[in-house]
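Asks: Need a 3D model of the following:
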Amino acid sequence: MRYLLLLAAATVLTPQIAGAQAMPGMDMRTPPAADPPVQAQDPHQAMGHGTRTEAPIDHAAMDHAAMGHVMPGMNMAGSSMKGMLGPYPMTRDASGTAWQPDSSPMLAIMGRLGDWSTMFHGFATLAYDDQGGPRGDDKTFVASMLMAVGQRDLGGGTLTLKAMGSLDPLMGRDGYPLLLATGETADGRTELVDRQHPHDAAMELSATYSRPLAPGLSAFVYVGLPGEPALGPATYMHRFSGMASPEAPIGHHWLDATHVTFGVATIGVATDTLKLETSLFTGREPDEKRWNIERPRFDSWSVRGSWNPTANLSMQVSHGFLHSPEGLHPEEDVHRTTASITHNLPLGTRRNWQTTLAWGRNDPSGGDHAHATDAFLFDSAIQLGRWTMFGRAENVDKDELFAEDDALGGRVFTVSKLSLGGYHSLPVGPLAFDLGGLVSKYALPTAIEPAYGSNPTSYMLFARVRIVG
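Replies: Sure thing, here's the model as predicted:
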């Protein structure tokens, strides 16, 4: 099944990449002068408004709309935000220090307070969730996020402060139903299975400082409590291809689960197309106490290389050692390796198409899970005016679906999931209201069909409000 998913992903992705590379007159360091895409949801894309240069940028004289980065109605007067890490367009900045394609759309409320440029972004999603089959459940919940960013010039470089929080803990410690999801715990004693854990109230409190070393080359330092280490692709909830869906991927803990880590320190260098970075961070995943700040340990490490060869393309490969990531298996360490490619294709005003293909591997040692497991993900979202359609296909090796005392406990099962959905967006002043839904189907091994059913179907209905500027 995984090879069919990869073949389908390659079939869709290859012509997009070819199209991006064949666009005449494209400036590889600046997104093409096309109609601006809008209605994205990523706060981290709003980290600056131009390419870093030796002299200050006169943003009042720049035609940002022609650069393809600005939504109609966004107030950018007086804003002078830059890319956080180096000499590249600000729209490349995604979650933590991760990169995405330069042409990715963005939205936020921009402003200025004294010497500081500011940005605010947020959303709240009300969802009705019905997971099918014998192990399914239903629940109505609210997922939310609010982010504030401040940036200023300092000592010949750029200082960026970020704070991001969520009221997800209000949905309860056991989160929301999600068939085949695994990871973390609700009570400190049992694993969460077939449920997605809530995010912590404090998702990011970070500071980044970057400084030019030479024309076209910068060095940077990033620290966070919590923060995100240099491991994996841009987090699913901060990339256009994944953020449209209100549910988490079932391969989240193979790819980007470290996006909330209590204790991160990253250093790196960046050019206009390349970035190399390494992190020290806390390997332990957040515990069930979602309102607190946990003690940093800095017992794990990661390295990541990123490459943006064109304005529409971003790639990364990363590897990390996570010391004792799961509190219920403290004796177990994990080596995690990931690779991903994201392609973004601006299609005109209020029109954009982004696709991500990612792979992650967890290779544990020192515990009962002495086998490597893989996760493959393909997600895509296309916006056509006020309508956005999205889909996600996954193929994941799961070894935590059954308790250790169960006859199936400890066995690895390769499961597949396909979700398709869409929503309609209504802009109202600085906000946008979305109304949509999705449906999911599964391909399961015969051995687990008695537990999950032979043909389970899940769906979500959701209403969402977003700050759009």
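Asks: Helices of the stretch 101-250 of the chain, start to end?
Replies: 240-243 (DSSP state H, counting those that start in this stretch).
Asks: low-scoring stretches of it, by residue?
Replies: For the stretch 101-250 of the chain, applying pLDDT under 70 flags no range at all.
Asks: Strands of the stretch 251-400 of the chain, start to end?
Replies: Ranges of strands in the stretch 251-400 of the chain, per DSSP state E, counting those that start in this stretch, are 264-270, 274-281, 300-310, 313-322, 333-348, 351-365, 373-384, 387-398.
Asks: Could you export the fourth one as PDB, CA atoms only?
Replies: So that's strand 313-322. The C-alpha trace of strand 313-322 is given here as PDB (Å, rounded to 0.1, in the frame of the first residue of the first chain):
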ATOM      1  CA  LEU A 313      10.200  24.600  -3.900                       C
ATOM      2  CA  SER A 314      11.600  23.700  -0.500                       C
ATOM      3  CA  MET A 315      13.400  20.500   0.600                       C
ATOM      4  CA  GLN A 316      14.900  19.300   3.900                       C
ATOM      5  CA  VAL A 317      16.600  16.200   5.400                       C
ATOM      6  CA  SER A 318      17.200  15.900   9.100                       C
ATOM      7  CA  HIS A 319      18.300  13.400  11.700                       C
ATOM      8  CA  GLY A 320      18.000  13.500  15.500                       C
ATOM      9  CA  PHE A 321      18.700  11.500  18.600                       C
ATOM     10  CA  LEU A 322      15.900  11.700  21.200                       C
END
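Asks: helices or strands up against that strand?
Replies: Applying 3 or more Cβ pairs under 8 Å, 6 or more residues apart in numbering; DSSP states H and E, one finds that strand 313-322 makes contact with helix 2-21, strand 300-310, strand 333-348. The C-beta positions use only the backbone N, C-alpha and C, and glycine is treated the same way.
Asks: What average pLDDT does the first one get?
Replies: Averaged over helix 2-21, pLDDT sits at 42.
Asks: same deal with the second one?
Replies: When pLDDT is averaged along strand 300-310, the result is 98.
Asks: who touches stretch 179-191?
Replies: Stretch 179-191 is contacted by residues 131-133, 135-136, 172-175, 192-197, 248, 250, 252-253, 257, 285-288, 326-328, 396, 398, 400-401, 415, 417, 440, 442, 452, 456, 458 when judged by Cβ atoms under 8 Å, 6 or more residues apart in numbering.
Asks: 6 Å - rerun?
Replies: Applying Cβ atoms under 6 Å, 6 or more residues apart in numbering, the contact partners of stretch 179-191 are 131, 173-174, 192-194, 196-197, 250, 253, 285, 288, 400, 415, 458.
Asks: Which of the strands of the stretch 251-400 of the chain sits closest to Pro229?
Replies: Taking Cβ to Cβ, strand 274-281 is the member of the strands of the stretch 251-400 of the chain nearest to Pro229, at 3.7 Å.
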